[in-house]
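Trainee: sequence first, then the predicted structure:
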Amino acid sequence: MANERVYNFSAGPSMLPLEILERAGSEITNYQGSGMSVMEMSHRSKVFLKIFEDTRAKLKKLLNVPDEYEILFLQGGASTQFSMVPLNLIGKTGKADYAITGNFANTACKEAKKYGQISVAASSADRNHTYIPTQDQLKLDSEASYFYYCANNTIYGTEWQYVPETNGVPIVCDMSSNILSRPIDVSKYGIIFAGAQKNMAPAGLTVVIIRKDLAGNELPITPLMMNYQTMIEKESMFNTPPCWCIYMLGLNLDHLESLGGVEGMEKIKGNKAAMLYDCIDNSRLFTCAAEKGSRSDMNVAFRSASEELDAKFVAEATAAGFTNLKGHRLVGGMRASIYNAMPVEGIEKLVDFIQTFDKNN
Ligand code: PMP
């Protein structure tokens with residue numbers, strides 16, 4: 001079975017470790033003697049509550065989440081957080097600061113403007129989002145209810161290498177495409193959120209880590225389902241949570257732990273990204289748009305000098321078993337998404353493929 005699988009460079013949903021897919025497969029009709037699939041269980045059953053609590057505890061341990069924070073397992077994707085964040089937080093002063101380093105931060109910013117006075121603290125649009133602004137470039141308002149940024153820009157292939165200093169203003173961070181790839185200091189954040197479908201689990205689960213004292217100040221128009229306080233009080237079970245995805249996350253977290261947790265993963269992913277960037281930097285045909293120092297270790301965006309050659313590369317790579325390498329339509333070229341589950345052999349083989357293509361064209 002394993003040798004029929006392709007190296008899938010999809011930006012998300014993306015690869016999951018083969019080991020956990022096989023484990024889920026082996027339990028799919030009868031989870032640990034329960035006589036049913038996790039997909040068929042009541043979310044209030046003893047068996048599922050154990051899966052839920054164990055998964056939450058594993059995430060708390062792996063990310064070293066302090067007790068003042070709640071971990072929520074929600075639905076609606078990361079995009080629903082674009083609305084939930086302002087609805088719940090902006091009431092404090094009516095103002096918020098956003099750093100625009102790509103498409104998703106921009107969408108979040110536009111959404112927030114419906115609910116309050118939003119300032120752009122920095123934007124990298126002037127150089128087509130090929131860089132991350134420095135701390136000095138951030139125009140921060142000490143009266144902002146929160147400061148918002150997107151840690152890894154999935155489309156443009158850039159990643160913040162520092163946590164901004166906001167002098168007490170709570171930081172909200174979209175970590176959809178780099179969560180669990182490196183250690184983070186959760187105590188520096190007010191809210192961290194991430195769609196699961198890149199580094200965690202199948203699509204359908206959104207993980208939110210929120211400092212509990214930030215909840216409970218929502219605008220009166222906030223829908224019940226979008227109120228963090230409701231979800232904190234009901235421990236993510238105000239309604240039916242995404243049970244199957246939570247189970248899959250639990251399996252994936254066990255796998256991550258076996259690799260040395262986020263500290264272990266930081267080394268693994270750093271090595272994979274360095275191999276691929278070195279290969280591109282040393283090629284004749286290909287360049288990376290993202291500036292050094294701002295490059296993402298998760299999404300490697302690169303291109304040749306011609307669209308025809310890019311198309312040829314993508315076609316030949318696909319035929320050779322490297323799929324989903326076409327860049328996002330906003331950027332063009334190619335993009336290799338190399339999340340936690342991409343094995344190092346996938347990178348080694350892609351590097352070989354790029355070198356051969358570079359020689360032959
Ligand atoms: N933020 C980032 C950084 C993303 O990469 C994505 C999806 N690619 C989103 C938000 C939107 O996530 P979702 O599709 O779960 O709403």
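Mentor: Nice, I can see it. Residues are numbered from 1 along each chain as shown.

Trainee: use CA for all of it now, contacts and neighbours both
Mentor: Will do.

Trainee: isn't Y247 right next to I51, touching?
Mentor: Yes - taking contacts as C-alpha atoms under 8 Å, Y247 lies within contact range of I51: 6.2 Å.

Trainee: would you mind listing the buried residues in the longest helix seen in the chain?
Mentor: Using DSSP state H to define each element, the chain has its longest helix at helix 261-281. Buried residues in helix 261-281, counting neighbours by 16 or more other C-alpha atoms under 10 Å, are found at 261-266, 268-269, 272-273, 275-277, 279-280.

Trainee: now narrow the residues you listed to whatever sits close to the ligand.
Mentor: Applying C-alpha under 6 Å from any ligand atom, the subset of the buried residues of helix 261-281 adjacent to the ligand is empty.

Trainee: in the sheet, who's paired with the nearest residue to K188 once chain neighbours are set aside?
Mentor: Closest residue to K188 apart from its sequence neighbours, by C-alpha to C-alpha, 6 or more residues apart in numbering: I171 at 7.3 Å. Beta bridges link I171 to F147 when assigned by DSSP bridges.

Trainee: can you give the contact residues for the helix or strand containing F104?
Mentor: Using DSSP states H and E, F104 sits within helix 103-112. Contact partners of helix 103-112, identified using C-alpha atoms under 8 Å, 6 or more residues apart in numbering, comprise 79, 82-83, 85-86, 98-100, 118, 149-150, 153, 155.

Trainee: buried among the residues you listed? Make that a ChimeraX selection.
Mentor: Burial among these is assessed by 16+ other C-alpha under 10 Å; the matching ChimeraX selection reads:
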select :79,82,83,85,86,98,99,100,118,149,150,153,155
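
Trainee: how far does the longest helix of the chain sit from its chain's centre?
Mentor: Here the centre of helix 261-281 is set off from its chain's centre by 17 Å, with C-alpha atoms, centre = their mean, to the nearest Å.

Trainee: this protein against the ligand: which residues are in contact?
Mentor: Residues of the chain lying close to the ligand by C-alpha under 6 Å from any ligand atom are 77-79, 104, 152-154, 174, 176-177, 195.

Trainee: can you turn the buried part of those residues into a ChimeraX selection?
Mentor: Here is the ChimeraX command that selects only those of the residues of the chain next to the ligand that count as buried (16+ other C-alpha under 10 Å):
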select :77,78,79,104,152,153,154,174,176,177,195
